[in-house]
Each structure stands twice: as C-alpha cells, then as structure tokens.
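Undergrad: quick one: sequence and predicted model below, then my questions.
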Amino acid sequence: MELLKDEQRLHDANGSNGNDRWNIWLKIWIRPRETMRRILNEPNNVDQVILLLLVGGFIYGLNQSVLKNSGDSTSLWSLLLSLTFATIIGAIIYYFVIGGLFYWVGKLLGGTGSYRDVRLSLAYAYIPSVITLVTWIPSLILFGKENFTSETPRMDSSIGLLIIFLIFGIIEFIIGIWSVFIFLKCLGEAHRFSAWKALLTFILPFILLVILGGIIAVALGG
C-alpha cells in the first residue's frame, strides 16, 4: 500500500472536489474513455482505488464461488471468510502483477500508457462489479448459502424467491456484459489505443500461458 501512497500527488487549489470525484461512478457507464482520461490526469485517489480493488475483488470471488458451487463443501461463513482473505491477496496480484503484464503487452502492441495508468484503468473498471452490491446484499440475505450450492430446496419451494433470484441474475448479467465494454475502453484509454487492441492485450497473455503450459506438459510427458 506504500507504493499507492507514494503515487498520490497533492491537489492544487482549483482541483476537483469530493462530489466531482464520485461523479465518475456515474459517468464511466456512458463515457468510459472520457472519464478514464480525467481520472488519469488527476492525482490518485488512493482511498477510492483501494475500495474498488477490495470490493470489486470480493464481488469477483462471490461470482466465482457461484460458478463452482463452493457452498456444497463449506459453510457460508467459512466461504465468506476465505473470500475476504483471498480478496486481499488477489487485489495485490491484480493491481501490481496483472497490471504490469497488461502494461508490458500493451507496450508491445504500440500502447503509450504508463504502468500507473494501466493499473488505474484496472481498478476503475471494477466500478460495475461494485455496483452489483445492490443485488448481492439482498441476495445474501434472502438466499444465504443457496447462492453457492447446486441444490436449492428453500428457493425451489417459493415462486416468489425464484422470481427475485431470476431478476437479480438478469441485472447482474447485463451489468457483467457492460463491464466488459467499460474494461476494454478504460484499458484502451490508458494505453491510448483502441478497445480492440485492449481486447488483444487481455487475450494474448492467456494464449501465451496456454502455449507455455502445453510445452511444459509435453516436455514432462516426454
């Protein structure tokens, strides 16, 4: 966290006020490039970056737990506790390691963004995920562990709960699709290239990892 604090520069007398800083949470949905450029041109808001990394990372962990039916093998509180610890470690890896990887790959593709700019784009691209708290909080209250299990007897016994669960799912799906658009626009703006190149910047590292894993597997198998 010291690296984050070292990057924070002093606001000048005519700088943005607190309300302006929070307006980006709305504007990034419809003008992601313009909003991201404004963020990059201003001093770091360390508190906001940390909030986005931790909450966004936690939401990502919740979504992964749903896909893996993690509740089948552990209690709800154990799951949430493990996600909390994993989020802290994951946020550091995401911001510094993944950020560095996207910085390096983007540079190879002609990007001109700095390491700081790329990392900030990753943090602020989490805004849609953080917004899904409006569905996750009531979902955890209403459905509890059944959010993360393959069998949902309580939910199945209530048409009302099923309808609510479906509505939450649709909302999260729409936000999820839009978050991909925002992520690519933010990363593209950080590197000052197109969203298509941002997509390539995202895909290439995973392709390389798959190829590398295949080579290692073949070498060990031989």
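TA: Arrived safely, thanks for sending. Numbers count the residues shown, from 1 in each chain.

Undergrad: just the pLDDT for D12.
TA: D12 is assigned 43 on the pLDDT scale.

Undergrad: ditto for E7
TA: Looking at E7, its pLDDT is 52.

Undergrad: go on, R21?
TA: At R21, the predicted lDDT confidence score is 61.

Undergrad: which parts of the chain are helices?
TA: For the chain, the helices defined by DSSP state H occupy 2-7, 18-27, 32-41, 46-67, 76-92, 99-108, 115-124, 127-131, 133-143, 153-156, 159-191, 195-221.

Undergrad: which of the ones you listed comes out lowest on mean pLDDT?
TA: Among those, helix 2-7 scores lowest, with a mean of 53.

Undergrad: please tell me how far I59 sits from I30.
TA: With distances defined as Cβ to Cβ, to the nearest Å, the gap from I59 to I30 amounts to 21 Å. The C-beta positions use only the backbone N, C-alpha and C, and glycine is treated the same way.

Undergrad: point out the most buried one among the helices of the chain.
TA: Stretch with highest mean neighbour count among the helices of the chain: helix 115-124 (a mean of 23; mean count of other Cβ atoms under 10 Å).

Undergrad: for that helix, name the packing helices and strands.
TA: Under the contact definition 3 or more Cβ pairs under 8 Å, 6 or more residues apart in numbering; DSSP states H and E, helix 115-124 sits against helix 32-41, helix 46-67, helix 99-108, helix 159-191.

Undergrad: just send those helices back as a markdown table, with distance to I131 too.
TA: A markdown table is the format used below for these (distance: least, Cβ to Cβ, whole Å):
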| stretch | distance to I131 |
| --- | --- |
| helix 32-41 | 14 |
| helix 46-67 | 9 |
| helix 99-108 | 22 |
| helix 159-191 | 6 |
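
Undergrad: relative to L26, which of those is closest?
TA: Between L26 and the helices and strands packed on helix 115-124, the shortest gap by Cβ to Cβ is with helix 32-41, which sits at 9.0 Å.

Undergrad: quick one: the closest one to chain centroid distance?
TA: Its chain's C-alpha centre and that of helix 32-41 lie 17 Å apart, by Cα atoms, centre = their mean, to the nearest Å.

Undergrad: then stretch 78-97?
TA: Distance, stretch centre to chain centre, for stretch 78-97: 12 Å (Cα atoms, centre = their mean).

Undergrad: go on, stretch 42-60?
TA: In this view, stretch 42-60 has its centroid 9 Å away from the chain centroid, taken as Cα atoms, centre = their mean.

Undergrad: also stretch 106-125?
TA: On the basis of Cα atoms, centre = their mean, stretch 106-125 sits 15 Å off its chain's mean C-alpha point.

Undergrad: that stretch: end-to-end distance?
TA: With Cα to Cα, to the nearest Å applied, stretch 106-125 spans 17 Å between its terminal residues.

Undergrad: what's the answer for stretch 110-128, then?
TA: End-to-end distance for stretch 110-128: 28 Å, by Cα to Cα.

Undergrad: alpha carbons only: can I get stretch 157-167 in PDB?
TA: Output in PDB follows, covering the C-alpha atoms of stretch 157-167 (Å, rounded to 0.1, in the frame of the first residue of the first chain):
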ATOM      1  CA  SER A 157     -40.200 -24.100  -2.800                       C
ATOM      2  CA  SER A 158     -41.100 -20.500  -3.300                       C
ATOM      3  CA  ILE A 159     -42.100 -19.000  -6.700                       C
ATOM      4  CA  GLY A 160     -41.500 -15.500  -5.200                       C
ATOM      5  CA  LEU A 161     -37.900 -16.300  -4.300                       C
ATOM      6  CA  LEU A 162     -37.300 -17.800  -7.700                       C
ATOM      7  CA  ILE A 163     -38.600 -14.700  -9.500                       C
ATOM      8  CA  ILE A 164     -36.400 -12.500  -7.300                       C
ATOM      9  CA  PHE A 165     -33.400 -14.700  -8.000                       C
ATOM     10  CA  LEU A 166     -34.100 -14.600 -11.700                       C
ATOM     11  CA  ILE A 167     -34.400 -10.700 -11.700                       C
END
